[in-house]
Each structure stands twice: as structure tokens, then as C-alpha cells.
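Novice: please work out how this folds:
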Amino acid sequence: MIDIVGHLVNLHKVQSSQYAGYGGEYWFIIETLALGYVLCFHLIPRTTDMMVNASAGLAAKHFGNKSRTLVINASTNNPELANMVAAFFMRKAGGVANPLGSNLANIYLMYLFAPIYVMLKWKLKKDQESLDKFKKLISQEKKLIFQHVSMALLMFIFSIVGFWALTASHPFGGMSGEVKIQPGSFLLVAAVVCVIGIVIFQYWNGKLQKKDPELFEDIDDDDHTESWGEFIGGSLGLILCSFAVNWLFLAWTIVYQGSLTTILGAAIFTGLHYFIGAIITSLPEMNVAVEGYSKITRADLNTALSAASVSNMTNLAIAIIGILTILILKYTGINLGL
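Specialist: This next block holds a predicted model:
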């Protein structure tokens, strides 16, 4: 496969050496920041909206309106699924652990950063009416918020246990390190852990749907479509954009690791590396959460809160798919590198 990160690092070297008299050492910073801005604030939101609106419309058509919240938030995990599949094509079994490693980020990004971002946006626009309505909605729906946060945390705990069973380590090592998968029965242990987590979530979600169906029926569907073409196009675009941001991030890590480690210290650099990496993997979920919070309705609040709880559950399901794939390949005589 093409070493895109390597090409980006080489681009920095060429520009820094051949165009040193013209500020070439700064070109890479300007170019990658500009590209990252376009990807994060324009292309990823647009492709996410295309995919989410199509998945919601298709879900309503084929499975009923109650399924939309689940499908909307589960579809935002397509980049994690694609990343795992890409690792398998490179004969690396470690990709199966990647989805489990992003569940903590989903919690603090969706339940802390996303609502703060929405409120700051209203504050800067001096939209006090929306800000007051949002604060009132949050106050009225404390129980719903508590349930989602608790379920997201529980799914996170299952992911920690599953990650440990797979790798005998914790999932806070960042995105660039090689993840080693344990052999033998540990794969089955991890799969069982993930299955238990999914069953618990579906039981809770089913009870919530029966008790308060309006939360799932009344979401804003003005932009929903029933187009498979938009769903596939949006998904492929989102996956490609997510990969591109990850390539830029890894290139920055290689190019500026020495300088940043010297300035910040090794411990802070490692923590910052994980933090930024987690944000990158959660950009689609962030987009769904921000849009849900911005609509200031009970049903859309439920969709926004599900950006973490449903996503964390979906990551467990992706890990199961990966584990089964490894076992099937092993049974057929194809062994992936651990």
C-alpha cells in the first residue's frame, strides 16, 4: 500500500531543504493546517450530514421511525470499521482493537465539548433566546442525560475489559502505536465481553423506546432522504476524509515529535497525542452531537446524547466483527500478523 504518511514527511524534508531561503520550513505547517481546516470544518461535516440524513431516511423507510436514532449514530462509526478492514488488508490483526480505544473520547467530547461549543456559538452570536431554551431543556431532561452518560460509561468499561482481553494493555496509547493482539482463547473472551455489553445496551434502549417513544419519533427529519447513493457516497467520502486527517496527524507527529517533546515534555506530548488522536476519530460523532444540541428539542437532544452511548455500543459490535473475521481467516489457513 502507498505510504502516504511517508510521502508527507518527505515533502516536509524537501521543502525545508530546497526552499530554506524562502521560508520552506514553514510551508508544511501552512499547507497541512489549511488542508486540515478544510477537512475538519467543511468536508467531514458535509459528508457526515449526507451519510446521516440518508441513513436516517432509509432506516425510517425499512425499519420504522424508532430505528432512526440508533442508525444515525451507529453510521458515524463507519471510519472505525473501515480502519479495521484496512488493517486486515495489511495483514495486521491489531486493527480489531482500534474501535475499543476511542470510547472514552466519545464520552467527554459529546457530553462536555459539544454542548460547550454550541453554547459558545450562541454566546458569540448574542443569541440569548437559544441559550436560555437550551439551558431549560438540559434542566428538564436531567434524568435522560444521566441515563445516556451512565450507559456510555458502562459501554466504556466493557470496551476497557475487551481491549485488555485482546491486548493485555490499556487503550490510552494513542493512534500511532502498533497494537499487539493476544492469541488463542483471549479472542473469544473479548468477543463474549463485547456481546454482553451490546445485550445490556439493547435491553436499556428497548425499555426507553417503549417508555418514551416520542424521543425516537419526533426528531427533525426535514433533511432526511431515502437515497442509497447518498449514503454510500457520504460514507466513502467521510471515510476518506477521516483517513486524510489521520495521515496529516501522523505526519505531524513524526515531523515535530522532537520539538514538541522538548517543549512540552514526553508525558504531556504523549497525552496530547492521544487527546488529538481521539478527537480525530470522533469528528463524525461530534458533528451529529452538535447538530442535535443545536435543534433544542427533546428528541434531538436524545439523538445528540446517543452520539456517545450508541457509538460506544457500536464500537463493541465492530470489535466482534473483527474478532470473527480473524477466527474465520485463521480457520481457512490465513493468519494475520499479531
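Novice: just give me the neighbour total for Gln18.
Specialist: 10 (other CB atoms under 10 Å). For glycine as for every other residue, the C-beta is placed from the backbone atoms N, C-alpha and C.
Novice: for Ile254, see how far away it is.
Specialist: Going from Gln18 to Ile254 by CB to CB, to the nearest Å gives 19 Å.
Novice: try Ser309
Specialist: From Ser309 to Ile254 the distance is 35 Å (CB to CB).
Novice: the more surrounded of these two?
Specialist: Per other CB under 10 Å, whichever of Ser309 and Ile254 has more neighbours is Ser309, with 28 against 14.
Novice: host element of the more buried one?
Specialist: When elements are assigned from DSSP states H and E, Ser309 belongs to helix 298-331.
Novice: gap between that helix and the chain center?
Specialist: Relative to its parent chain, helix 298-331 has a centroid offset of 10 Å by CA atoms, centre = their mean, to the nearest Å.
Novice: so for that helix, what gets flagged as buried?
Specialist: Judged by neighbour count using 16 or more other CB atoms under 10 Å, the buried positions of helix 298-331 are 298-323, 325-326.
Novice: same check, this time on stretch 69-80
Specialist: Buried, per 16+ other CB under 10 Å, within stretch 69-80: Thr69, Leu70, Val71, Ile72, Asn73, Ala74, Ser75, Thr76, Asn77, Asn78, Pro79, Glu80.
Novice: stretch 215-226 too?
Specialist: Neighbour-count burial for stretch 215-226, counted by 16+ other CB under 10 Å, picks out Leu215, Phe216, Glu217, Ile219, His224, Thr225.
Novice: state the mean pLDDT of it.
Specialist: For stretch 215-226, mean pLDDT is 86.
Novice: gap between the two ends of that stretch?
Specialist: End-to-end span of stretch 215-226 (CA to CA, to the nearest Å): 21 Å.
Novice: re the thing from before, now the buried residues of stretch 69-80 in a markdown table, with secondary structure?
Specialist: Formatted as a markdown table, the buried residues of stretch 69-80 follow (DSSP: H, G, I helix; E, B strand; the rest coil):
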| residue | secondary structure |
| --- | --- |
| Thr69 | helix |
| Leu70 | helix |
| Val71 | helix |
| Ile72 | helix |
| Asn73 | helix |
| Ala74 | helix |
| Ser75 | helix |
| Thr76 | coil |
| Asn77 | coil |
| Asn78 | helix |
| Pro79 | helix |
| Glu80 | helix |
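Novice: return the closest of those with respect to Asn287.
Specialist: Of all those, Asn287 sits closest to Thr76, with 7.8 Å by CB to CB.
Novice: could you report the separation of the residue nearest to the closest one when sequence neighbours are not counted from Ser259?
Specialist: Leaving aside its sequence neighbours, Thr76 sits nearest to Pro284 (CB to CB, 6 or more residues apart in numbering; 3.9 Å). Look at Pro284 and Ser259: by CB to CB, they are 31 Å apart.
Novice: so for those two, which residue has more residues nearby?
Specialist: Between Pro284 and Ser259, counting by other CB under 10 Å, Pro284 is the more crowded of the two (29 against 10).
Novice: test for you: state the pLDDT assigned to Leu248.
Specialist: Predicted confidence (pLDDT) at Leu248: the value is 89.
Novice: ditto for Phe269
Specialist: pLDDT, Phe269: 63.
Novice: name the nearest residue to Pro70, ignoring sequence neighbours.
Specialist: Quick fix: residue 70 reads Leu, not Pro. Val310 (5.9 Å).
Novice: next one: Trp204
Specialist: Met151 (5.9 Å).
Novice: tell me, how many residues neighbour Ile196?
Specialist: The local packing of Ile196 (other CB under 10 Å) involves 14 other residues.
Novice: so it makes contact with Ile157?
Specialist: No: counting by CB atoms under 8 Å, Ile196 sits too far from Ile157 to count as a contact (11.0 Å).
Novice: and for Ile116, the neighbour number?
Specialist: Ile116 has 11 neighbouring residues, counting by other CB under 10 Å.
Novice: and the helix or strand harbouring Glu285, what other elements does it pack with?
Specialist: Assigned by DSSP H and E, Glu285 falls within helix 283-295. The contact analysis (3 or more CB pairs under 8 Å, 6 or more residues apart in numbering; DSSP states H and E) places helix 283-295 against helix 44-63, helix 68-75, helix 114-124, helix 228-264, helix 298-331.
Novice: how about a cut-off of 6 Å?
Specialist: Packing partners of helix 283-295 (3 or more CB pairs under 6 Å, 6 or more residues apart in numbering; DSSP states H and E): helix 44-63, helix 114-124, helix 298-331.
Novice: and the angle from it to helix 298-331?
Specialist: Interaxial angle, helix 283-295 versus helix 298-331 (axes from the mean of the first three to the mean of the last three CA atoms, to 10 degrees): 170 degrees.
Novice: pretty sure the residue nearest to Thr76 contacts Ser75?
Specialist: No: using CB atoms under 6 Å as the test, Pro284 is too far from Ser75 to be in contact (8.3 Å).
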